[in-house]
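K.L.:
For reference, the sequence and a predicted model appear below.
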Amino acid sequence: MATSSPVRHAWRVLLGLLLVTGVLFGINALGVHVFEKSSWTPELALDLQGGTQIVLSAETEDGAAPSSEQLDQAAAIIRQRVDASGVAEADITTEGGRNIVVQIPGVADEQTRERIQSSAQLEFRPVLATTAGTNTYVGEDGNETAYPTPDASLNATPTATPTDASDLSWVSDKLAAEFQAYDCANPENDPSSAPKDQPLIACDPSGQAKYLLGPTELTGDAITDATAGRDPKSGAWLVQLTMNADGADAFGKVSTRLNQNRINELSPRDQFAFVLDGSVISAPRMNGQILDGRPSISGDFTQETATTLADQLKFGALPLSFTVQSSDTISATLGTQQLQIGLIAGLIGLALVAIYSLIVYRALGSVIIASIAVMAVLTYIIICILAWRLGFRLSLAGVAGLIVSIGFTADSFIVYFERIRDELRDGKSITAAVEDGWGRAKRTIYISKSINILAAVVLYILADATVKGFAFTLGLTTLIDVFIFVIFTHPVMQLLARTKFFGGGHKLSGLDPESLGAVYRSRSQFRQVSTATAGRGAKNARAKGEAERRQTIAERKRAEALAGDRSTSTGSEGDA
């Protein structure tokens, strides 16, 4: 029973590994065939694949060049927007004192482009009026006609001084005519540069609704955080905002006024609009007085639309406005040739490890080769899944991390095998040496791998973006290395130790006690170094020397122990 228990355990662990591998492949298969967002090949980063380059030109209100601090802050916020969209390995830099260059691997989808290009300051404005923003204008006779041009003689000055931002006194005769004639589809209508202290006519991104808005009462600087989540009562998706102290105070006054408008049924003056780049991204109604600076926006949201709105509100407070100067597809900076060189380097590394393992450990080296092969399969499929779920892209630095991990992985097995050989030299059976060697080796390996992971984490946090790929793949493969060591290498050794070839200590197995210079035949009987062993030539010279060295130390200790026993025995007889 005791002999077969490790065998059953080994088979259960290997079946568990097979199950884990099947689950990983199943997850990626769902991404490929059901969600159609994954692939059976890893996504490549900008340096290997090429991608999309968008150049944003900064604009200030007075036309002067922006300061370096403003440009750096804007670049940092745009990076947050890009990262929030799930795009990895993006390169965002400032250029020429006015431009921000955004380079994204692959072809940027429309949603990602909108996140990047929506780069003006976020404004909170009360809604004064709203109507459908159709592409046609219906005249007084009921027929569709071209949008009229407001009469220049109309009064452009409010007839009364407005008391607050929701006061309809802001709407002059000319502004009312302009709102009525406003065409959302006309590219000449650009409200993004309108003064903050004046009313504004703007449309939603789809152009299906247009709004007449009061002056700006808050900017995006008031928002410290915005998250998408579910309403605990209804389960519907909503956006939760968190404001700073000044923003909470100002929003409390706005919410009190708009809530009163709701009570008095003064719709749509109970709404407030979030305006980004001159576009109304949301215009919710006020349902109560909010004084704690934590309003929530509910509506007909999906998870995707709620997350997008939260990102726009959270990362909308840019210190500058931007226009898109150019948007082009760029080629890979390193290209296919460099990728092939990296893969060839990896294959050469694998071949050298395999050759070294077979020379030093003979047939036992096949366990190292098999372990690395299993690790390669798991690493490959995990990278594919990470590309789908986290937007991870493999850069040349990441490829370097994978190549370096080959040496680290082989190191684990070498430590384990040397521990097994040490146990064999001390006279243990092969099955016992496998178990005792495992107990001694795993502590050493866990400590060394913990240091590797710690180094990878620190490097990922502190290093430049171009090095993060190296740190990520190094940390990932180190974790997989430990997993393979526990769930594959040790169980395989438990099974091999009970075969005739390995368990019998065949000379080509790498577990021959005599070739290793074993000191003991058993734990109580020394192995004698015979002239026959010495006569086998230079091949066994090192084994003979190791046996003689170890046996001399052991025999000296045994002699000292026997001398002590004889002295004790003589002393006892004298006393008698």
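P.N.:
Perfect, I can see it now.
K.L.:
ok, what's across the strand from Asp91?
P.N.:
Under DSSP bridges, the beta-bridge partners of Asp91 are Gln103.
K.L.:
and it, what is it in contact with?
P.N.:
Leu46, Val101, Val102, Gln103, Ala465 (C-beta atoms under 8 Å, 6 or more residues apart in numbering). In this view, the C-beta of every residue, glycine as well, is placed from N, C-alpha and C.
K.L.:
how far away is it from Val102?
P.N.:
Going from Asp91 to Val102 by C-beta to C-beta, to the nearest Å gives 8 Å.
K.L.:
Run through the strands of the stretch 251-400 of the chain in chain order.
P.N.:
272-276, 279-282, 296-298, 321-330 (DSSP state E, counting those that start in this stretch).
K.L.:
and what of the stretch 51-200 of the chain?
P.N.:
51-59, 91-95, 99-105, 122-132, 137-138, 144-145, 200-203.
K.L.:
Which strands and helices lie in contact with the last one?
P.N.:
Counting contacts by 3 or more C-beta pairs under 8 Å, 6 or more residues apart in numbering; DSSP states H and E, strand 200-203 packs against helix 173-181, strand 209-213, strand 272-276, strand 279-282.
K.L.:
ok, residues contacting it?
P.N.:
Strand 200-203 is contacted from outside by 125, 133, 175, 178-179, 182, 184, 189, 191, 194, 209-213, 273, 275, 278-280, using C-beta under 8 Å, 6+ apart.
K.L.:
just the contacts of Asp91 now: which is nearest Ser296?
P.N.:
For the contacts of Asp91, the residue nearest Ser296 by C-beta to C-beta is Val102; the value is 31.2 Å.
K.L.:
So that closest one is in contact with Ile77, correct?
P.N.:
No - counting by C-beta atoms under 8 Å, Val102 stays clear of Ile77, with 11.9 Å between them.
K.L.:
Buried deepest among the helices and strands packed on strand 200-203, which one?
P.N.:
Counting by mean count of other C-beta atoms under 10 Å, strand 272-276 has the highest mean neighbour count of the helices and strands packed on strand 200-203, with a mean of 26.
K.L.:
elements contacting that one?
P.N.:
Packed next to strand 272-276, using 3+ C-beta pairs under 8 Å, 6+ apart, are strand 122-132, strand 200-203, strand 209-213, strand 279-282, helix 303-314.
K.L.:
I'd like to know which of the strands of the stretch 51-200 of the chain is closest to Ala310.
P.N.:
Ranking the strands of the stretch 51-200 of the chain by proximity to Ala310 (C-beta to C-beta) places strand 122-132 first, at 12.4 Å.
K.L.:
Quick check: buried residues in the closest one?
P.N.:
Neighbour counts over strand 122-132 (16 or more other C-beta atoms under 10 Å) mark Leu122, Glu123, Phe124, Arg125, Pro126, Val127, Leu128, Ala129, Thr130 as buried.
K.L.:
so how far is it off the chain centroid?
P.N.:
Distance of strand 122-132 from the chain centroid (C-alpha atoms, centre = their mean, to the nearest Å) equals 38 Å.
K.L.:
Using CSV, write out every CA atom in it.
P.N.:
Provided in CSV are the C-alpha atoms of strand 122-132 (Å, rounded to 0.1, in the frame of the first residue of the first chain):
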residue,chain,number,x,y,z
LEU,A,122,-14.8,68.3,-19.6
GLU,A,123,-17.6,70.8,-18.7
PHE,A,124,-20.8,70.6,-16.7
ARG,A,125,-23.5,72.8,-18.1
PRO,A,126,-27.2,73.0,-17.2
VAL,A,127,-29.7,72.2,-20.0
LEU,A,128,-32.0,75.1,-21.1
ALA,A,129,-33.7,73.4,-24.1
THR,A,130,-33.4,70.3,-26.2
THR,A,131,-34.8,68.9,-29.4
ALA,A,132,-34.2,66.2,-31.9
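K.L.:
would you turn the strands of the stretch 51-200 of the chain into a markdown table with distance to Ile372 and mean pLDDT?
P.N.:
Below are these laid out as a markdown table (distance: least, C-beta to C-beta, whole Å; pLDDT from 0 to 100):
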| stretch | distance to Ile372 | mean pLDDT |
| --- | --- | --- |
| strand 51-59 | 32 | 85 |
| strand 91-95 | 33 | 84 |
| strand 99-105 | 29 | 86 |
| strand 122-132 | 52 | 89 |
| strand 137-138 | 71 | 58 |
| strand 144-145 | 72 | 60 |
| strand 200-203 | 59 | 90 |
